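Chemist: model the following, please.
(chains A and B)
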Number of protein chains: 2
Amino acid sequence: MPAATCCLPPSEQELYPEPQTFKVQPPAELADILEGYFRPGFFVGVCTVVMKMFACVQPRVAVFGQKDYQQQMILRRMVQQFALPIEIVAGETTRAENGLALSSRNGYLSESERAEAVHLSLALKAMATALKAGTTDIAALEAQAMKSLTARGWQPDYLVARRRSDLQLPAPGDALVVLGAAKIGATRLIDNLEV
Amino acid sequence: MPAATCCLPPSEQELYPEPQTFKVQPPAELADILEGYFRPGFFVGVCTVVMKMFACVQPRVAVFGQKDYQQQMILRRMVQQFALPIEIVAGETTRAENGLALSSRNGYLSESERAEAVHLSLALKAMATALKAGTTDIAALEAQAMKSLTARGWQPDYLVARRRSDLQLPAPGDALVVLGAAKIGATRLIDNLEV
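Modeler: Below you'll find the model as predicted:
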């Protein structure tokens, strides 16, 4: 006997007929860095609502976009940690011809901002290229990327190279991913690139 | 494709192949009172392991003992809050002839402690009787119960009358439950009685 039923997508009233007081708490080392650092509590909300959606839908497979790299990693870990019988599949990032990662948020960009927006992915690409070429001073690389986006009028939150497996600071030989989040005007964009 | 498989009952190694870093966090107003006050973090552990067991077993119905009154209430709320398709059924407390609530913990009692142990349920019964008879000074009633068990050599954690619906302090007219936890020797026992 189902405890609740939902139509898809559920309305806010269906999903939260009362305030959500039980939460899924992901570990700080994954959830309080990068996006979680700049959006405190964000991944508690993500994990909680996804756990609830999973209970409503009981899917065998769930697709989450690779563009939300940290979110996907956290949800994969959540599924593993709670032994949920669900396979998480990565949805590849779709990009415009110039490389801009497609996102519903791009709809908030003015025409000139949209033209500028590709520079987030270009900055990440430059970092990836440098790392592939053997750059080892990651802190300097990150600082340079922050500086160059800032110089173009962005307000970057972070541009970092991290270990692909757990988003921690990389050790030599680790497989890497570069991740960035930055505001252009009032719109905050994120992107990433596996190196 | 299941993310994990368990045999029942699962071994600790099966249930926790790695440290459990994702937790289910119940709300403080339910989980940090009574048992949760005297056993900090207890209900985070209960909710987390039960959520995981539910994922392993995918039950339609789960029975939890009424003797763990607060635990059952919290798990009912968890099921509701996460829209889990599971029906929670209360298992009635089984009592020895003298009224002692049966519990695996009774095995830790010496013969003389076992004879004394019934006085926890007797204290709760006395509270219930007084409440049914119209006693309104709940604080005095609770203090008296604590005093009488202490005088018998118990170390009581709490003996309280609470609102049945949410275990908060009762208002006039609320349906009540009396709950108690106390140590006799090295063994901590709990019991409760709906008034």
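Chemist: for chain A, what spans make up the helices?
Modeler: A:12-15, A:28-31, A:35-38, A:42-57, A:69-81, A:111-132, A:138-151 (DSSP state H).
Chemist: which elements pack onto the first one?
Modeler: Packed against helix A:12-15 by the contact rule (3 or more CB pairs under 8 Å, 6 or more residues apart in numbering or on different chains; DSSP states H and E) you find helix A:42-57. C-betas here are computed from N, CA, C, even on glycine.
Chemist: so how far is the helix it packs on off the chain centroid?
Modeler: Distance of helix A:42-57 from the chain centroid (CA atoms, centre = their mean, to the nearest Å) equals 16 Å.
Chemist: near chain B, which residues of chain A?
Modeler: Contact residues, chain A versus chain B (CB under 8 Å from any CB of the partner chain): A:1-4, A:6, A:18, A:20-27, A:29-30, A:47, A:51-52, A:55-56, A:58, A:60, A:77-87.
Chemist: can you say which of those are buried?
Modeler: A:3-4, A:6, A:22-27, A:30, A:47, A:51-52, A:55-56, A:77-86 (16 or more other CB atoms under 10 Å in any protein chain shown).
Chemist: contact partners for A:Gln168?
Modeler: A:Glu29, A:Arg162 (CB atoms under 8 Å, 6 or more residues apart in numbering or on different chains).
Chemist: try it again at 10 Å.
Modeler: Neighbouring residues of A:Gln168 by CB atoms under 10 Å, 6 or more residues apart in numbering or on different chains: A:Glu29, A:Leu30, A:Ile33, A:Arg162, A:Asp174.
Chemist: again with A:Gly41
Modeler: Applying CB under 10 Å, 6+ apart to A:Gly41 gives the contacts A:Lys23, A:Ala31, A:Asp32.
Chemist: so what's the residue positioned nearest the centre of chain A up against?
Modeler: Among the residues of chain A, the one closest to the centroid is A:Asp68, at 2.6 Å (CA atoms, centre = their mean). Listed by CB under 10 Å, 6+ apart, the contact partners of A:Asp68 are A:Glu35, A:Val46, A:Ile74, A:Leu75, A:Gly91, A:Thr93, A:Ser103, A:Ile190, A:Asn192.
Chemist: how does it look with 8 Å?
Modeler: Contact partners of A:Asp68, counting by CB under 8 Å, 6+ apart, are A:Ile190.
Chemist: and the one 5 residues further on, by the same measure?
Modeler: Residues near A:Met73 by CB under 8 Å, 6+ apart: A:Leu30, A:Asp166, A:Leu167.
Chemist: please apply the same query to A:Met78.
Modeler: Counting by CB under 8 Å, 6+ apart, A:Met78 touches A:Val24, A:Pro26, A:Cys47, A:Val50, A:Met51, A:Leu84, B:Phe22.
Chemist: what is the nearest of these to B:Ser121?
Modeler: B:Ser121 lies nearest to A:Val24 out of the contacts of A:Met78, by CB to CB, at 36.9 Å.
Chemist: wait, the closest one touches B:Val44, no?
Modeler: No - using CB atoms under 8 Å, A:Val24 is not in contact with B:Val44, being 11.2 Å away.
Chemist: hey, which helix or strand in chain A has the poorest pLDDT?
Modeler: Within chain A, no helix or strand scores below helix A:12-15, which has a mean of 89 by mean pLDDT, DSSP states H and E.
Chemist: could you give the separation of that helix from the chain centroid?
Modeler: The chain centroid and the centroid of helix A:12-15 are separated by 25 Å, computed with CA atoms, centre = their mean.
Chemist: domain ranges for chain A, per the record?
Modeler: Per automatic domain parsing, the structural domains of chain A span A:12-91, A:104-194.
Chemist: same list (those) but as CSV, adding distance to B:Ala143.
Modeler: Output for these, formatted as CSV (distance: least, CB to CB, whole Å):
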stretch, distance to B:Ala143
domain A:12-91, 31
domain A:104-194, 53
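Chemist: what about stretch A:91-110, average pLDDT?
Modeler: Stretch A:91-110 shows a mean pLDDT of 92.
Chemist: also stretch A:129-147?
Modeler: Taken as a whole, stretch A:129-147 carries a mean pLDDT of 96.
Chemist: span of it from start to end?
Modeler: End-to-end distance for stretch A:129-147, by CA to CA, to the nearest Å: 17 Å.
Chemist: please apply the same query to stretch A:77-95.
Modeler: For stretch A:77-95, the first-to-last residue distance is 26 Å (CA to CA).
Chemist: try stretch A:90-108
Modeler: Stretch A:90-108 has an end-to-end distance of 25 Å (CA to CA).
Chemist: how many other residues sit next to A:Ala101?
Modeler: 23 (other CB atoms under 10 Å in any protein chain shown).
Chemist: ditto for A:Gly107
Modeler: A:Gly107 has 8 neighbouring residues, counting by other CB under 10 Å.
Chemist: repeat that for A:Ile184.
Modeler: Using other CB under 10 Å, A:Ile184 has 23 other residues around it.
Chemist: pretty sure it contacts A:Arg114?
Modeler: No - using CB under 8 Å as the test, A:Ile184 is too far from A:Arg114 to be in contact (9.1 Å).
Chemist: out of the contacts of A:Met78, what pair is the most spread apart?
Modeler: Farthest pair in the contacts of A:Met78 (CB to CB) is A:Pro26 and A:Leu84. Separation: 13.9 Å.
Chemist: for B:Tyr158, find the nearest of the domains of chain A.
Modeler: Closest to B:Tyr158 of these is domain A:12-91 (CB to CB; 22.7 Å).
Chemist: list just the nearest of the contacts of A:Met78 to A:Leu131.
Modeler: Using CB to CB, A:Pro26 comes nearest to A:Leu131 of these, at 27.4 Å.
Chemist: re earlier: which neighbours do A:Val24 and B:Val44 share?
Modeler: By CB under 8 Å, 6+ apart, A:Val24 and B:Val44 have these common neighbours: B:Lys23, B:Val24, B:Gln25.
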